[in-house]
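**Q** All I have is the shape, not the residue letters:
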C-alpha cells in the first residue's frame, strides 16, 4: 500500500482526511429520488421472476424446513450458514413452499444491496482523494454504477434462483459493513456506525463463508481512500478492526461444526479434485466471468465446468489473470483507488476462485459482488473518457469536472441500463419452468449430466417414459459405470414394461454398488412381475438385511415396511402363508400408516386357504380400521371388510359391504366381476377362500 504524504498540523501529527460536507435538504431529496428510481428498476426487471419454481433448491426447502425450525430454534440448524437458512424457515412459516414469498424476499435483498452500493459509490466519490475528479458528478455516477449492477443479467442467478439468496444476503451484509465504515468517517457519532459495521459483518459471516474477506477489503479501503498511514489506522481504529477480526473466530466455529457435510456437499474436500487442479482451472473461469460482465449472453445455471488439463485451457487465461493482478499491484502504488477496485474484485472471488476445491468449478452467482467493482471501473473510465472528448477546459487548463452534454450522456446510460434490463427480463423467462431452465443449460453444455438427469426426472414424473429413456441412454454414455444411472434406466425400462431389459440394468447397478438397497428392492419387483419368485425372495431378503444393519430412521422404517410387505406378497404367491403373515405383521408394526400392508394382512386373515391362519375377528378389526382411514370410499377396502365379516359368519354385513364395494368398483384396479362373484358367494352364505394362484415359469432373460 502506498505511503501517502501526511498532512501537517501544529504538532506535526497525522490528521484524518477532511470530512465530507454536510448533506443539504436538496441533496437528500436527490438521493431519495435516486433510491426510488433504483428500487423501481429492480422491481421492473424482476417482476416476471415471481413464479419461477424451485430448481436445485426444492429439496432443501421442502425437506429441511418446518414450523419446528423456528421455535425453539436450534443453533445448529443450517450448521455453517444458520442466518441464511433461518430466512428460509421464516419464508416457510409465512407461506410454506409457495414460491412468490421467497422471490419477494430475494428481490428485496437485491434492491437494498443496490441502494447500499449507491451510497458507497456516492460518498466515496464525494470525499478526498476522488472529489476533485468525480465529486461534481458523484450522484450521477453512483446512480449509473448502482443501476447497471442492479439490472445486470449476471445477477439473475443470485436473485431468481431461490437458494442463492445466501449469496445475495451475504453481499448485502458485505456492502453494509463497508457502507457503515464510510458513514463513520463523516459522522459526529462514529462509534455507532462502527458498531453497525461490525454487526453487519457478524451477520454476513453467519450467512456464507465468503464473508471472510470483508475485513481485508474494509482495511484496504481505509488505507487507500481514508487514512494517510498505517500508523493512523492503528492509532484511531485498532478496536474496530479487532472487533472485525472476531468474525473470523465466528467463522472458524461455524465451519468446524459440519465438517462431514463439507465433503458430502463437494466443498473443500472433493474426491478427484486437488487444490492444484482447482487453481489451474480458475483463471479460465474468471476470464469467462469477465466476458459475461461485458457480454452477458449464453448464461448458464450449471456449467459443469471441466478441470483444465491442456495448455490452451491453462496458459492463455493464466497470462490474462496474471496481467490483471500485475496491473492491480501497480495501481496500489500509483493509483490507490483503482488498486482498491482491482483488489476487491480478486479478494471477494478468492474463497471460491483460488485453491479451495469446490465440486462445481464455475457458478455465476459467485460474481454477485465482484461485478460491482467491474461496473464501477467501467463507469468511471467512461466518465473520464467523456470528459476528455467533450469537456471544456477551465481557467487552470484542466477539463471541467461537471458532466458535459448531460442529455446525450443520460441517453447513453439509459440505453445501457435498458439493454441490460431487457436481457435480465429474458433471462428470468428461462426460469419459468424446470423444463425450460434445464433445456437452456443443455444449449450451453450439451453433455451436462445433471441437466440430463433433471430432464429425465421431469419426463418420468409426467409418465413420458419413452422420451425419458432416450435421455437416460445419453446419461449412460457419459457415465456408464455409475450405479445410480444404471438403476434409473432399469426403472424406466420397467415402467415401459421392458422387464427383461430392466433386469441387466438393475443387476449392473448392484454389481457397481453392492449395498444398493433400492436396486435390490426394485429388481425383486421385476422378478415378481416375471413370476420368478425365488430370486425375488433373495433380493427382498438382502434389501431387508441392508436396511437393518443400523437402526432405521422414520423414513427408513417406512421403506423397510414396504420391503416386508412386498416379500409377504411373494410368499403368499408361493403358498407360504405363514411366512407371508409374519411379513405383513412386521410391515404393519414398522409403519402403522401402511394401508397396503394392513389390507393384505386383513385379506389373508379372512380368506387364507389354511384354516389355522384364519382369524375373522382380527380381520374385521383390521379391515374396519382400514375403511375408517379411507372414509369407507375405497372399493377394495370394503371388499376386504366384507370378506372378514363372511369369515365370522355375518353374511348380512358381508353382503352390505360387498354391495358398497360393487358401487365403487369403477375407481378400483380390480374388475367389477370379482366383486360381483363374491357378492353372490356371500348371498349364498359362503365365505370367500383365496385360491392359490398357479405359478408360471418366468420367460428367459435376454443377454
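**A** Okay, I see it. No experiment lies behind these values; they were computed from the predicted model shown.

**Q** Just give me the neighbour total for residue 108.
**A** Counted with other C-beta atoms under 10 Å, the neighbours of residue 108 add up to 15. In this view, the C-beta of every residue, glycine as well, is placed from N, C-alpha and C.

**Q** Which helix or strand lies directly C-terminal to the helix or strand containing it?
**A** Using DSSP states H and E, the secondary-structure element containing residue 108 is helix 99-125. The helix or strand immediately downstream of helix 99-125 is helix 131-134, counting by DSSP H and E.

**Q** I would like the residues contacting that following helix, please.
**A** With contact meaning C-beta atoms under 8 Å, 6 or more residues apart in numbering, helix 131-134 is reached by 125, 138, 141, 380, 383, 384, 401.

**Q** related to what we said a few turns ago, for the helix holding residue 108, buried residues please.
**A** 99, 101-103, 105-107, 109-125 (16 or more other C-beta atoms under 10 Å).

**Q** before we move on, back to that, ok, the contacts of helix 131-134 vs residue 91, which is closest?
**A** Among the contacts of helix 131-134, residue 141 lies closest to residue 91 (C-beta to C-beta), at 35.8 Å.

**Q** Quick check: that closest one touching residue 126?
**A** No. Counting by C-beta atoms under 8 Å, residue 141 does not reach residue 126; the two are 10.0 Å apart.

**Q** I'd like the mean pLDDT over stretch 373-388, please.
**A** For stretch 373-388, the mean per-residue pLDDT is 93.

**Q** so how far is it off the chain centroid?
**A** Centroid separation for stretch 373-388 versus its chain: 35 Å, with C-alpha atoms, centre = their mean, to the nearest Å.

**Q** quick one: buried residues of it?
**A** Neighbour-count burial for stretch 373-388 [16+ other C-beta under 10 Å]: 373, 374, 375, 376, 377, 378, 379, 380, 382, 383, 386, 387.

**Q** What of stretch 587-600?
**A** Using 16+ other C-beta under 10 Å as the test for burial, stretch 587-600 gives 587, 588, 590, 591, 594, 595, 596, 597, 598, 599, 600.

**Q** How many neighbouring residues does residue 27 have?
**A** 14.

**Q** how about the nearest residue to it, chain neighbours excluded?
**A** Leaving aside its sequence neighbours, residue 27 sits nearest to residue 139 (C-beta to C-beta, 6 or more residues apart in numbering; 7.9 Å).

**Q** and the one you found, how many neighbours?
**A** Residues near residue 139, counting by other C-beta under 10 Å, number 19.

**Q** what does residue 289 give?
**A** 22.

**Q** That one and residue 373: what is the separation?
**A** Remark: distance between residue 289 and residue 373 (C-beta to C-beta, to the nearest Å) = 12 Å.

**Q** does residue 431 really touch residue 161, like I thought?
**A** Yes. Here residue 431 reaches residue 161: they are 7.3 Å apart, a contact under C-beta under 8 Å.

**Q** shared neighbours, the two?
**A** Common contact partners of residue 431 and residue 161 (C-beta under 8 Å, 6+ apart): residue 55.

**Q** What residues of the helix or strand encompassing residue 674 count as buried?
**A** Here residue 674, judged by DSSP H and E, is contained in helix 672-683. Neighbour counts using 16+ other C-beta under 10 Å place 674, 675, 678, 679, 681, 682 of helix 672-683 among the buried residues.

**Q** again with stretch 423-439
**A** For stretch 423-439, by 16+ other C-beta under 10 Å, it's 423, 424, 425, 427, 428, 430, 431, 434, 437, 438.

**Q** in the helix or strand hosting residue 620, what counts as buried?
**A** Residue 620 is part of helix 616-629 when elements are defined by DSSP H and E. Neighbour-count burial for helix 616-629, counted by 16+ other C-beta under 10 Å, picks out 616, 619, 620, 622, 623, 624, 626, 627.

**Q** possible to save the residues you listed as TSV with pLDDT?
**A** Formatted as TSV, the buried residues of helix 616-629 follow (pLDDT from 0 to 100):
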residue	pLDDT
616	93
619	95
620	95
622	94
623	95
624	94
626	94
627	94
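
**Q** on that earlier part again, how far is the helix holding residue 108 from where the chain is centred?
**A** 21 Å.

**Q** What is that helix packed up against?
**A** helix 25-45, helix 82-95, helix 138-151, helix 156-159, helix 165-185 (3 or more C-beta pairs under 8 Å, 6 or more residues apart in numbering; DSSP states H and E).

**Q** list the contacts for the closest residue to residue 484 other than its chain neighbours?
**A** Sequence neighbours aside, residue 509 is the residue nearest to residue 484 in space, at 7.3 Å (criterion: C-beta to C-beta, 6+ apart). With contact set as C-beta under 8 Å, 6+ apart, residue 509 has these partners: 483, 484, 486, 487, 490, 516, 519.

**Q** quick one: contacts for the residue nearest to residue 27?
**A** 27, 30, 31, 34, 122.

**Q** Going by distance to residue 80, which of these wins?
**A** residue 122 (34.5 Å).

**Q** rewinding a little: and the residue nearest to residue 484, what helix or strand is that in?
**A** Assigned by DSSP H and E, residue 509 falls within helix 499-512.

**Q** Tell me which other helices or strands the helix or strand just after that helix touches.
**A** Sequence order places helix 517-529 as the next helix or strand after helix 499-512, per DSSP H and E. Judged by 3+ C-beta pairs under 8 Å, 6+ apart, helix 517-529 is in contact with helix 483-495, helix 499-512, helix 533-547, helix 554-573.

**Q** Give me the buried positions along the third one.
**A** Applying a neighbour-count criterion of 16+ other C-beta under 10 Å, one finds 533, 535, 536, 537, 539, 540, 542, 543, 544, 546, 547 buried in helix 533-547.

**Q** Run the chain-centre distance for it.
**A** 36 Å.

**Q** contact partners of it?
**A** 515, 517, 520-521, 523-525, 527-528, 556, 559-560, 563-564, 566-567, 570-571, 573-574, 695.

**Q** What's the PyMOL line that selects buried ones from the residues you listed?
**A** Listed next is the PyMOL selection for buried residues among those, using 16+ other C-beta under 10 Å:
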select buried, resi 517+520+521+523+524+525+527+528+559+560+563+564+566+567+570+571+573+574
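
**Q** Let's see the pLDDT reported for the residue nearest to residue 162 when sequence neighbours are not counted.
**A** Spatially, and ignoring its direct neighbours in sequence, residue 162 is nearest to residue 102 (4.7 Å; C-beta to C-beta, 6+ apart). Confidence at residue 102, expressed as pLDDT, is 94.

**Q** okay but residue 102 is in contact with residue 94, surely?
**A** No. Residue 102 is not in contact with residue 94 according to C-beta under 8 Å; the separation is 9.8 Å.

**Q** and the end-to-end length of stretch 664-678?
**A** Terminal residues of stretch 664-678 are spaced 15 Å apart (C-alpha to C-alpha, to the nearest Å).
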